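J.: need coordinates for the below:
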Amino acid sequence: ASLLILPSFSLVIDQPDSIVKGWKEFRKSDALTQVKLTFAVKNQNVELLHDTLMEVSTPGHPQYGQHKSVTELSDMIAPSPESIDAVQDWLFSHFEVDDVIHETPNHDLWSVVTTIGAAEKLLNCEYYDYVSEVDGVTIVSRVKLGTSYHVPSSLAPHLYFVSPTHRFPYLNARVKSSSVGRGDVNPTTLRALYNLGDAKGVSSNNSMAVASFRNQYYDIADCQAMWKKYNIQPSTVTNVPSNEPVGHHLEAE
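T.: Coordinates of the predicted model:
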């Protein structure tokens, strides 16, 4: 039987996938099965985050290279106090305080471990098990396809979505193993993988970039050693910006 959708409930702005491939409805989910619900709270200053990214990434801009720390970015897009209070109060009204988890420092992700039965009551929905048509073994519980989950109308404006509800994992079919790609990744294995043979680029416009970030840099000596080892014609390396440091650090290692 379908659940009654009460007038005080409003659909979260998170529509079901219109087409779900690779998953087949298997059975009604066991009400006693455990599930971890995650609640994504709406962020502030998303446009500012985008603008900041463009500014620090654009050569010539006054902010170019002035990267923000994780803490600065987290604080920038933290949900509003109103959103945090709304989600927190709602969760605390249904679960023990110690069972509610703050997944992120800025409180934009919350979670709670509960049962399928409790989740159905909380979200006014029904969960079904779906089996993967790729391997025939993997089973996940999701809100029944073609239906929706609901939260109080006062809470809906503060949430992006609740998970797991509509989204399904993407599973790739297993492919036969191959000797290509195993072990080290180097010019020799890349040539074999992409069937390049002995072809070499001759255009004067050919270029390649080595990314350095978070105070982790390449060393020109490493490039020279690779060129010699794999018989690669040496290239002229131009640092952008020109005062970019070099050296052995974690990312380069």
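J.: for this structure, what spans make up the strands?
T.: Taking DSSP state E, the strands of the chain run over residues 9-11, 23-28, 34-41, 100-102, 109-115, 127-132, 139-143, 150-152, 159-163.
J.: so for Ile77, which of these sits nearest?
T.: Distance to Ile77, taken as Cβ to Cβ, is lowest for strand 34-41 among the strands of the chain, at 10.6 Å. The C-beta positions use only the backbone N, C-alpha and C, and glycine is treated the same way.
J.: report the strands that pair with the closest one, each with its relative direction.
T.: Note on strand 34-41: by DSSP bridges, its sheet partners are strand 109-115 (antiparallel), strand 159-163 (antiparallel).
J.: can you say which of these is nearest to Met76?
T.: Per Cβ to Cβ, nearest to Met76 of the strands paired with strand 34-41: strand 109-115, 15.9 Å.
J.: so how far is that closest one off the chain centroid?
T.: Between the centre of strand 109-115 and the centre of its chain there are 18 Å (Cα atoms, centre = their mean, to the nearest Å).
J.: re the thing from before, let's have the strands paired with strand 34-41 in TSV, adding mean pLDDT.
T.: Supplementary listing: the strands paired with strand 34-41 in TSV, determined by pLDDT from 0 to 100:
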stretch	mean pLDDT
strand 109-115	97
strand 159-163	94
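J.: redo these as CSV? Include distance to Val134 and mean neighbour count.
T.: Putting those into CSV (distance: least, Cβ to Cβ, whole Å; neighbours: other Cβ atoms under 10 Å) gives the following:
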stretch, distance to Val134, mean neighbour count
strand 109-115, 27, 17
strand 159-163, 21, 18
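J.: now those strands in CSV, with distance to Leu49?
T.: Listed next are those as CSV, based on distance: least, Cβ to Cβ, whole Å:
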stretch, distance to Leu49
strand 109-115, 16
strand 159-163, 15
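J.: nearest to Thr33, out of these?
T.: Smallest distance to Thr33 across the strands paired with strand 34-41 (Cβ to Cβ): 6.5 Å, for strand 109-115.
J.: which residues touch that closest one?
T.: 31-41, 87-88, 91, 95, 99-103, 122 (Cβ atoms under 8 Å, 6 or more residues apart in numbering).
J.: try stretch 41-55
T.: So stretch 41-55 is in contact with 61-64, 68, 73, 76-80, 83-84, 87, 107-110, 157-160, going by Cβ under 8 Å, 6+ apart.
J.: mind checking which of those residues are buried?
T.: Buried members of those, scored by 16 or more other Cβ atoms under 10 Å, are 73, 76, 78-79, 83-84, 87, 107-110, 158-159.
J.: tell me who's in contact with Pro62.
T.: Pro62 sits next to Glu55 when contact means Cβ under 8 Å, 6+ apart.
J.: re earlier: worst average pLDDT in the strands of the chain?
T.: When mean pLDDT is averaged over each of those, strand 9-11 scores lowest at a mean of 60.
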